[in-house]
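S.K.: Here is the input, now give the coordinates:
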Amino acid sequence: MGSDERFWARRLRWRLRGATQWPVFVLVTLLEGLILDALPPIAFRDMDFVLGVLIATFANLLLIGVGAPLLAKRLIARRPASQPEAAGPAEVEREVLQDRIATVLLAAGLGATLVSGLANRPVIVSETEATEENARAVREFVNGSNSEELRRNIETANTVRLSDGFFRTCIARDDRRRFVCVFVDTRDEPTRIRRDSSEEPNSALTQPGGRR
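M.R.: Reported below is the predicted structural model:
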């Protein structure tokens, strides 16, 4: 075997040693898409699998294209001058190191995505339960009010969350200019509901100069 053949054979062996990042990239991206679909961040409640995969793809490409090269360059630069180099072409050695770093970063990103999703899960479940309890309490209030006007307009109910477990729900009157509003505190047992003297809609709360 000539020197050129030995060189290319050795180069191929080194490349095969550093051929994990792209298979791991595909696997991790799909898994992160599933995690983001099942355990979405609070700011992305409507996230689905496709959107999760797109976000994961962008983030993982940054890890491979930016994070891994920077770390590989630093590790090679910090190598002691007395340390012998591995028996492979220097360029390929850098590629192998970069590939391994990228693989580790992808695995770490997958773990971080899972931990973040699990950490948000109790908050999402708790808030959803509080929202459902608010809706139940408002329906009970309307049904017990002896007001046909409120019953007719219950579909106009609009709710804002003022704090954790504390809501303001407004139901429009027939003229659509006045509202019956209630505060609902789902943190109490049983849930406490009280009438708001103001007939301003919830939209007025977020307007400049609006009541807070």
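S.K.: The nearest residue to N202 once chain neighbours are set aside pairs with what?
M.R.: Spatial nearest neighbour of N202, chain neighbours left out: V160 (4.6 Å); criterion: C-beta to C-beta, 6 or more residues apart in numbering. For every residue, glycine as well, the C-beta is placed using N, CA and C. Applying DSSP bridges to V160 yields these beta-bridge partners: R168.
S.K.: Can you tell me how far V160 is from L27?
M.R.: Using C-beta to C-beta, to the nearest Å, V160 is found at 42 Å from L27.
S.K.: Which parts of this protein belong to which domain?
M.R.: For the chain, the structural domains run 3-128, 144-205, going by automatic domain parsing.
S.K.: Pull out the buried residues from stretch 36-53.
M.R.: 36-37, 39-40, 47, 52-53 (16 or more other C-beta atoms under 10 Å).
S.K.: likewise stretch 54-62?
M.R.: So, applying 16+ other C-beta under 10 Å, buried residues of stretch 54-62: 55-57, 60.
S.K.: How about stretch 148-162?
M.R.: 150, 153, 157, 159.
S.K.: just curious, which of these is nearest to G109?
M.R.: Comparing the buried residues of stretch 148-162 against G109 with C-beta to C-beta places T159 closest, at 36.4 Å.
S.K.: can you count the residues close to R136?
M.R.: 13 (other C-beta atoms under 10 Å).
S.K.: can you count the residues close to the closest residue to it other than its chain neighbours?
M.R.: Distances taken as C-beta to C-beta, 6+ apart put T191 closest to R136, at 7.9 Å, once the chain neighbours are dropped. Neighbour count of T191, defined by other C-beta under 10 Å: 17.
S.K.: residue contacts, T191?
M.R.: 133-134, 136-137, 184-185 (C-beta atoms under 8 Å, 6 or more residues apart in numbering).
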